[in-house]
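Novice: Provide a 3D model corresponding to the input given below.
(one chain, ligands or ions: 1)
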Amino acid sequence: MTDNSGLNPHAWRAETLALRAAPLRTEEREHSEAIFPTSSFVFDGAADAAEHFSSGGVDDNVYSRFTNPTVRAFQQRLAALEGGEACIATSSGMAAIMTLCLGVLKQGDHVLAAQGMFGSTTAQLTRYMPRWGIDVDLVPLADAEAWRAAMRPNTRLLIVETPTNPMMEAADIAALSDIAHSGGALLAVDNCFCTPALQQPLALGADVVLHSATKYLDGQGRCVGGAVVGRHDLIDTELFGFMRSFGACMSPFNAWVFLKGLETLPLRMRQHCENATALANWLVSHDSVEQAIYPGLPEHPQHALIARQQLASGGMVSFVVRGGQAAAWRVIDRVKLMSVTGNLGDARTTITHPATTTHARLSDEQRAQAGIVGGLLRVSVGLEHPDDIRADIEQALAG
Ligand SMILES: Cc1ncc(COP(=O)(O)O)c(C=O)c1O
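Specialist: Predicted structure coming up:
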């Protein structure tokens, strides 16, 4: 193993952290990180095994449901990029949200979550948490006064996604962190759309960052995974203990893939943003498009907040086509270059009809609240040439 002794990683920029934070090197002196595909680790005898099992913490190697060197390297590098003290990697983005909720909440607690979050997040919170005696209220994301008014003495957690999937609404992280902390609650931010390359919620006052590593952290649509980043006391004790018992852990192979993804994250995000900006600027004046939704457009209602909070506007563009669901489905059926799939954050451009796929499990009321209409399409703008991406949508809209 190696370390960054003699260097000062705290002074490094994202590009350097992405490549050099938390290096993992064995006595074989390999340049790129090895994978440790092992489910368990060996001991020097019975007493040594007993000692590791009883006192083994996040830095020990006992069993890969708790810790694994490849997974640890991914956790440490992502924590460094987010400016957090610690990270726990999970089997998916949904498992990250579940690990946080069940790891910190108990029966009788109350959660405030944003309206218009990713469909499965809303389903997890509103369908399942109440079964375990945890009350959840949904609040309009951008209305700080509504968050303040919805706080109860037993509110323990505020959870938001910013910008949201797929409506690109933004939360004022600093304002929500004040509201959460004044009531003794934690603020968790799903940073899936921005990644630490564009937004650092912890620096703005959030307590926890959630990730679906499946998206931009991987960047090539290969593995499913997630992560929770925050303070040592929360991650390395409460959530680590929860993971040991509940087991929604990340595999070493997936961690290795995500570790490789992180290396190019800042570079990729710059190009995703550039390509998305080009597409949004073109869509906004297209005759068949009722509304183009992109944080970087001056007509986005929270343009100023986003410019303050994010380094750039991101790689996701949504738009509403004239003619409702039938017209939106026609566009999907006609695209030739982009992939018709539910994933996002891939190097390849993907197109999705949220109302009938990613957000189909929401009630009609929840969909209406979130503004997910039949004509809405979501494009995760990839790294193909922006002219080729535009030409594909152009011919699909023209048809
Ligand atoms: C914003 C957001 N959070 C969480 C998730 C869930 O992630 P996963 O599919 O890795 O469980 C998704 C998936 O699309 C998402 O878009």
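
Novice: Give me the mean pLDDT for stretch 323-335.
Specialist: Across stretch 323-335, pLDDT averages out at 98.

Novice: what comes up buried for it?
Specialist: Of all the residues in stretch 323-335, those buried under the rule 16 or more other C-beta atoms under 10 Å are 327-329, 331-332, 335. Glycine gets a C-beta too; all of them are placed from N, C-alpha and C.

Novice: and if you look at stretch 279-299?
Specialist: Neighbour counts using 16+ other C-beta under 10 Å place 279-280, 282-284, 286, 288-289, 291-297 of stretch 279-299 among the buried residues.

Novice: Hmm, residue 138 and residue 369 touching each other?
Specialist: Yes: counting by C-beta atoms under 8 Å, residue 369 touches residue 138, with 7.4 Å between them.

Novice: more crowded one of those two?
Specialist: residue 138 (19 against 15; other C-beta atoms under 10 Å).

Novice: Go through stretch 310-327 and flag the buried ones.
Specialist: Residues of stretch 310-327 classed as buried by neighbour count (16+ other C-beta under 10 Å): 310-321, 327.

Novice: I should have written stretch 53-67 there, sorry.
Specialist: 56, 58, 61-64, 66-67.

Novice: any shared contact partners between residue 369 and residue 138?
Specialist: Common neighbours of residue 369 and residue 138 (criterion: C-beta atoms under 8 Å, 6 or more residues apart in numbering): residue 115.

Novice: picking that back up, want to throw the buried residues of stretch 53-67 into CSV with distance to the ligand?
Specialist: Putting the buried residues of stretch 53-67 into CSV (distance: C-beta to the nearest ligand atom, whole Å) gives the following:
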residue, distance to the ligand
56, 28
58, 22
61, 26
62, 26
63, 24
64, 20
66, 21
67, 21
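
Novice: Counting neighbours, what do you get for whichever residue of the stretch 1-150 of the chain sits closest to the ligand?
Specialist: Relative to the ligand, the nearest point of the stretch 1-150 of the chain is residue 93 (2.3 Å; C-beta to the nearest ligand atom). Neighbour count of residue 93, defined by other C-beta under 10 Å: 24.

Novice: Now go through the buried residues of stretch 310-327 and say which are in strands.
Specialist: 316-321 (DSSP state E).

Novice: Let me know the closest of the residues you listed to the ligand.
Specialist: Nearest to the ligand among those, with distances taken as C-beta to the nearest ligand atom, is residue 316, at 9.3 Å.

Novice: got the contact list for the closest one?
Specialist: By C-beta under 8 Å, 6+ apart, residue 316 lies in contact with 163, 165-166, 168, 193, 276, 294, 344, 378-381.

Novice: so, if you compare the buried residues of stretch 323-335, which one comes nearest to residue 244?
Specialist: residue 332 (43.2 Å; C-beta to C-beta).
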